[in-house]
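Undergrad: Got a predicted structure plus its sequence, pasted below:
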Amino acid sequence: DTGVSQDPRHKITKRGQNVTFRCDPISEHNRLYWYRQTLGQGPEFLTYFQNEAQLEKSRLLSDRFSAERPKGSFSTLEIQRTEQGDSAMYLCASSAIGTLTLFFGEGSRLTVL
Amino acid sequence: AQSVTQLDSQVPVFEEAPVELRCNYSSSVSVYLFWYVQYPNQGLQLLLKYLSGSTLVESINGFEAEFNKSQTSFHLRKPSVHISDTAEYFCAVLNEKLTFGTGTRLTIIP
């Protein structure tokens, strides 16, 4: 399967713990996006990369959130000192420059107890 | 700034009946519009998109959407729905990033 892959699919953690999600985009896709989706809402943009450069960050991305794409391939999204409000589905998507179409992974569901 | 409004959060429809899911957008730049579908316990899948050219675009499973610039709309339609169309449908507008609406849950009544 050559789609967008996310790991883990589910994560349950206690408040205050750190969590990290990984996203492997479609091979050769230059752009990689992170979104967050809560129940009953549409996906909300968090940040995106073009190759290894982080080009935009949403105001939703507090200081506890950090995303990296060190070699321009896979990306990680880390949440430090998790809060119950961080509980959501974290979606990753990728696209090739100029194609204007994002392909999404199945998401990583975070539950903070 | 860009935004998407999906006024209907839930739409129940009888099987084999027609359906229209409404989407209105605002964008200050060129408009690229998308419909994504999310089946239960699955990720977002692209249903159809408008980038340029013909204002009527179609998907492989019978959905169509029409870009209407004067009404700033991109409504999704299907003439006859099936049980398998049960899903959440998201309209989105693209500039540098996709901005989604809040989604419409389509429920098919047997």
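TA: Thanks, I have it. Residues are numbered from 1 along each chain as shown, chains lettered A, B, ... in the order given.

Undergrad: Please name the bridge partners of the residue nearest to A:Gly42 when sequence neighbours are not counted.
TA: Leaving aside its chain neighbours, A:Gly42 sits nearest to B:Phe100 (3.5 Å; criterion: CB to CB, 6 or more residues apart in numbering or on different chains). Using the backbone N, CA and C atoms, a C-beta is placed for each residue, glycine as well. Taking DSSP bridges, one obtains B:Ala92 as the residues bridged to B:Phe100.

Undergrad: Quickly note the distance from B:Phe100 to A:Leu102.
TA: 11 Å (CB to CB, to the nearest Å).

Undergrad: neighbour count winner among those two?
TA: Neighbour totals were compared for B:Phe100 and A:Leu102, and A:Leu102 leads with 25 against 22 (other CB atoms under 10 Å in any protein chain shown).

Undergrad: which ones are touching the spatially most central residue of chain A?
TA: For chain A, the residue nearest the mean C-alpha position is A:Trp34 (3.5 Å; CA atoms, centre = their mean). Listed by CB atoms under 8 Å, 6 or more residues apart in numbering or on different chains, the contact partners of A:Trp34 are A:23, A:45-48, A:67, A:75, A:77, A:90-92.

Undergrad: Sticking with it, tell me its helix or strand.
TA: In this structure, A:Trp34 sits in strand A:31-37 according to DSSP states H and E.

Undergrad: Dump that strand to PDB, keeping only the CA atoms.
TA: This file holds the C-alpha atoms of strand A:31-37, laid out as PDB (Å, rounded to 0.1, in the frame of the first residue of the first chain):
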ATOM      1  CA  ARG A  31       4.100  18.700   1.100                       C
ATOM      2  CA  LEU A  32       2.900  17.200   4.400                       C
ATOM      3  CA  TYR A  33       0.100  18.600   6.500                       C
ATOM      4  CA  TRP A  34      -1.200  18.000  10.000                       C
ATOM      5  CA  TYR A  35      -4.800  18.500  10.900                       C
ATOM      6  CA  ARG A  36      -6.800  17.900  14.100                       C
ATOM      7  CA  GLN A  37     -10.400  16.700  14.100                       C
END
